[in-house]
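>>> Need a 3D model of the sequence below.
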Amino acid sequence: MRRLLTRRPMSGYGVETKALNRAIRRNIERFQEDFMLKLTRPEYTGILRCQIGTLRHGGHSKVVLLWGRSGAKYPTISSEMFTDDTLKKIAREILKGYALEPRGIHGVAHWGRVMDNGLRLAEFTGANARVVQLFALFHDSRRLNDDHDPLHGARGAELAAAMNGGLFTLASTDLELLRYACTRHTEGLTEGDATVRTCWDADRLDLPRVSVFPKPARLCTAPAREKDFIAQAAARSEADFHTALAQAIIDSLE
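Numbers count the residues shown, from 1 in each chain. Below is the predicted model of the structure:
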């Protein structure tokens, strides 16, 4: 990591940190995927305590970003995640019984963005990263149509339970979180376990793909309600952004 950007003007750039962060976000496609990483609040606090002795009351309350070469997109949870190879195998198994077009609005690209949203949120919410990853793959996996299908979440939950112990294994408590998150993800709930709320927000943040923009009051976690987080997720959603994992899954179908 080359430098940590503080809230003071950066002498090397001659601009306020917030302005630099904003400019990079607006041109994010020009930067490598690992160019920025997010600090958790405990990490940010720890750095400040090391540098200035204590964190003053009223300190930074928003998402903190580190700019530089990190080598890890989700630095604080990467060790807890399934590998891409495992996720691709799970996705291919799911797609054997998928009733819709894999490239459709509830298909693989959506799963990839939900996973990315969820893992970005998990850095701050403490959500179980593996449950978040599996939610992304299973929550819409058994839709029968792209419109009204109120039982699709429950069917996805049952598929996850049936596959547990094969390509992946979750403990019983984690499996129940996954099943609950899948089953009730369309009900508009905002209360519950941090992992479940992270899953729901990850899905809702991708609604702009169908011209629905989530209101902060209907999101479940504090990071997801931040304007910048909503805006970045919306930009990816409207552009039908494909994560590397989603693209790899789609490519494997051809």
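>>> thought His110 was touching Asp140?
Yes: using Cβ atoms under 8 Å, His110 is in contact with Asp140, at 6.8 Å. For every residue, glycine as well, the C-beta is placed using N, CA and C.
>>> who has more neighbours, the two?
Higher neighbour count among His110 and Asp140: Asp140, with 28 against 22, using other Cβ atoms under 10 Å.
>>> Break this protein into its domains for me.
The record's domain parsing of the chain by automatic domain parsing lists 17-67, 78-252.
>>> As TSV, those with mean pLDDT would be great.
Formatted as TSV, the domains of the chain follow (pLDDT from 0 to 100):
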stretch	mean pLDDT
domain 17-67	49
domain 78-252	97
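>>> Name the next helix or strand downstream of the helix or strand harbouring Thr173, please.
Following DSSP states H and E, one finds Thr173 within helix 172-183. Remark: after helix 172-183, the chain's next helix or strand is helix 194-204, criterion DSSP H and E.
>>> elements contacting that next one?
Under the contact definition 3 or more Cβ pairs under 8 Å, 6 or more residues apart in numbering; DSSP states H and E, helix 194-204 sits against helix 108-125, helix 129-138, helix 172-183.
>>> can these go into a markdown table with extra columns for distance to Asp203?
What follows is the helices and strands packed on helix 194-204, written out as a markdown table (distance: least, Cβ to Cβ, whole Å):
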| stretch | distance to Asp203 |
| --- | --- |
| helix 108-125 | 5 |
| helix 129-138 | 8 |
| helix 172-183 | 9 |
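>>> angle of the helix holding Thr173 against helix 108-125?
Angle, helix 172-183 to helix 108-125, by axes from the mean of the first three to the mean of the last three Cα atoms, to 10 degrees: 130 degrees.
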